[in-house]
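A.B. asks: Got a predicted structure plus its sequence, pasted below:
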Amino acid sequence: MSLAGLRVLDLSRVIAGPYAATLLADLGADVVKLERPGQGDDLRHWRGGGGISPVFAAINRNKRGIAVDLAQAEGARVALALARRADVVIENFLPGVADRLGLGYATVSAENPSVVYASVTGFGQTGPYARRAGYNTIAQGMSGLMALTGMPGQPPTKVGGSVADLAAAYLTFGAICAALVARSRSGAGQHVDVNLLSATLGLLPDPVAHFFAGGGVRPRREGNRNPNLAPAEAFQTKDGLLNVVVMNAEQYARFCAGLGDPELAADPRFATNDARLANRDEFRARVERALSTASTAEWIERLGKAAIACGPIYELDEVFEDAQVRHLGLVAEVDQPGLGPVRMLGFPYRASAMPAAVRRPAPRLGEHTAEVLEELGLPRAEVERLARAGAVALGG
């Protein structure tokens, strides 16, 4: 596996930092997740009992887990010893907290100059909001993503899923990999600073470009349609909805022919993209009259033969019945202690020379504490003493 031998210390919790660490683990890195004794990651308790939940299992597979009390001096020293030998450290404390614990970048890099140290926060390490807590919906709201989402005339709408967290997770994963490449050339590590606000705003390069090019005029919510392109929206068919996207004049001519309305291409009200945008309601009504004669599946087949980009709009339970989703193998099943067989999304891309795999389930709280500390050279008696003192907790 491409990252085999890479050591990662995951000090983060909830989704953004932990999922970045999981992506590294999926590629073979040895990720040790550190949690507080007794409680652990908040995600353990989402819709689950016994200290494990399906969401925690999905976000923290392929890791070993230790329970260490960073508030105790001996616990913080254990964590620093792990950071001293790590290739990557990931944390998502509020700025300043890691420093107070003796685990900030300055301290860790002084002990381990080659470390790639990733901080994932709501708003970054500096600035007026740096010490504010940040979560998915907060970032969605402040980035403008919510303002662009929803139906015309209706309030802003949250995008489904934890997209801000996941944007930050993927950005952290990429930034860490880039920093590791830089380290392979220079030998030096660096501090990677990722925040949810920047990561979520980073999902909007095209709306932002249109906003600035248009003189800073506030865009309207457009529902399921693209404000700059037509047809590029969801249309009603005989039995459901169909997404269609047409990018150029050649595709538009094929679309009209596939629709069975070749005169649509020549009608001056609809002949160009600008004309279609100017007469959008009339255009939509005409297209839907044609689409109402057949089912979504029939139109996908017809328009597909015309090489037009189109597709159904699935409910979530329908997604995993799709032939392409099945072919891509996007779902993994893991035998998770405490839950039994759990289905989850697997690694999201393929590469010919670096296959990813789910090798182990998410850890129980403190499951690998003794194992990891003994790898640091601590004798079993010392590990047990630390446990009695409350600096660590032994699980299993």
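C.D. replies: Received, thanks.

A.B. asks: When you work out contacts or count neighbours from here on, use the C-alpha atoms and nothing else.
C.D. replies: Will do.

A.B. asks: Any stretches of the stretch 1-150 of the chain with poor pLDDT?
C.D. replies: For the stretch 1-150 of the chain, applying pLDDT under 70 flags the ranges 1, 48-49.

A.B. asks: Tell me who's in contact with the most centrally placed residue in the chain.
C.D. replies: In the chain, the C-alpha nearest the mean C-alpha coordinate belongs to Leu166, at 2.0 Å (Cα atoms, centre = their mean). Contact criterion Cα atoms under 8 Å, 6 or more residues apart in numbering gives 15-16, 19 as the residues in contact with Leu166.

A.B. asks: Counting neighbours, which of those residues comes out on top?
C.D. replies: For the contacts of Leu166, the largest number of neighbours (other Cα atoms under 10 Å) sits with Ala16, at 32 neighbours.

A.B. asks: And it, how close does it get to Leu43?
C.D. replies: Computed with Cα to Cα, to the nearest Å, the distance linking Ala16 and Leu43 is 12 Å.

A.B. asks: Gly124 now?
C.D. replies: From Gly124 over to Leu43 the distance is 22 Å, taken as Cα to Cα.

A.B. asks: At which residues are the helices of the stretch 251-396 of the chain located?
C.D. replies: Remark: helices of the stretch 251-396 of the chain, listed N- to C-terminal, are 263-266, 273-278, 280-291, 296-305, 316-319, 323-328, 369-375, 380-389; assignment by DSSP state H, counting those that start in this stretch.

A.B. asks: Ala381: neighbour count?
C.D. replies: Tallying neighbours of Ala381 according to other Cα under 10 Å, which is how burial is gauged here, yields 9.

A.B. asks: For Ala351, see how far away it is.
C.D. replies: 45 Å.

A.B. asks: Could you do Leu386 as well?
C.D. replies: Using Cα to Cα, we find Leu386 at a distance of 43 Å from Ala351.

A.B. asks: what do you get for Leu242?
C.D. replies: For Leu242 relative to Ala351 (Cα to Cα), the value is 31 Å.

A.B. asks: Same question for Thr149.
C.D. replies: Using Cα to Cα, Thr149 is found at 33 Å from Ala351.

A.B. asks: ditto for Gly202
C.D. replies: With the distance defined as Cα to Cα, Gly202 ends up 25 Å from Ala351.

A.B. asks: Which one of those two is surrounded by more residues?
C.D. replies: Each of Gly202 and Ala351 has its neighbours counted (other Cα under 10 Å); Gly202 has more, 16 against 7.

A.B. asks: all strands of the chain, in order?
C.D. replies: Listed in chain order, the strands found in the chain under DSSP state E are 7-10, 30-35, 63-68, 88-91, 116-121, 190-195, 232-236, 241-245, 309-312, 331-336, 340-345, 392-393.

A.B. asks: and Glu321, which of the ones you listed is closest to it?
C.D. replies: Nearest to Glu321, of all the strands of the chain, is strand 331-336, at 11.2 Å by Cα to Cα.

A.B. asks: and that closest one with strand 340-345, angle?
C.D. replies: Compare the direction of strand 331-336 with that of strand 340-345 by axes from the mean of the first three to the mean of the last three Cα atoms, to 10 degrees and you get 150 degrees.

A.B. asks: which other helices and strands contact strand 331-336?
C.D. replies: For strand 331-336, the contact count by 3 or more Cα pairs under 8 Å, 6 or more residues apart in numbering; DSSP states H and E identifies strand 340-345 as packing neighbours.

A.B. asks: Counting neighbours, which bits of the strand it packs on end up buried?
C.D. replies: For strand 340-345, the buried set under the neighbour-count rule, 16 or more other Cα atoms under 10 Å, comprises 342, 344.

A.B. asks: Which neighbours in the sheet does that strand have, and how are they oriented?
C.D. replies: Pairing partners of strand 340-345, with direction, according to DSSP bridges: strand 331-336 (antiparallel).

A.B. asks: okay, the partner strand in PDB with CA atoms only?
C.D. replies: Below are the C-alpha coordinates for strand 331-336, written out as PDB (Å, rounded to 0.1, in the frame of the first residue of the first chain):
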ATOM      1  CA  VAL A 331     -19.600   0.500  -0.500                       C
ATOM      2  CA  ALA A 332     -17.500  -1.500   2.000                       C
ATOM      3  CA  GLU A 333     -18.800  -3.800   4.600                       C
ATOM      4  CA  VAL A 334     -16.900  -4.100   7.900                       C
ATOM      5  CA  ASP A 335     -17.500  -6.400  10.800                       C
ATOM      6  CA  GLN A 336     -17.500  -3.800  13.500                       C
END
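
A.B. asks: buried residues in that strand?
C.D. replies: Neighbour-count burial for strand 331-336 [16+ other Cα under 10 Å]: 334, 336.

A.B. asks: Next: stretch 38-47.
C.D. replies: Counting neighbours by 16+ other Cα under 10 Å, the buried set in stretch 38-47 is 40-41, 43-45.

A.B. asks: re earlier: just put the helices of the stretch 251-396 of the chain in JSON lines and tack on distance to Gln336.
C.D. replies: Formatted as JSON lines, the entries for the helices of the stretch 251-396 of the chain read as follows, by distance: least, Cα to Cα, whole Å:
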{"stretch": "helix 263-266", "distance to Gln336": "56"}
{"stretch": "helix 273-278", "distance to Gln336": "51"}
{"stretch": "helix 280-291", "distance to Gln336": "46"}
{"stretch": "helix 296-305", "distance to Gln336": "37"}
{"stretch": "helix 316-319", "distance to Gln336": "22"}
{"stretch": "helix 323-328", "distance to Gln336": "22"}
{"stretch": "helix 369-375", "distance to Gln336": "19"}
{"stretch": "helix 380-389", "distance to Gln336": "26"}
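
A.B. asks: Which one, of those, ends up nearest to Ile176?
C.D. replies: Closest to Ile176 of the helices of the stretch 251-396 of the chain is helix 369-375 (Cα to Cα; 23.1 Å).

A.B. asks: Let me see the mean pLDDT of that closest one.
C.D. replies: Taken as a whole, helix 369-375 has a mean pLDDT of 97.

A.B. asks: can you list the domains in the chain?
C.D. replies: Domains of the chain are assigned by automatic domain parsing as 7-202+327-393, 232-236+241-312.

A.B. asks: Of the ones you listed, which is nearest Asn224?
C.D. replies: Closest to Asn224 of the domains of the chain, according to Cα to Cα: domain 232-236+241-312, at 5.4 Å.
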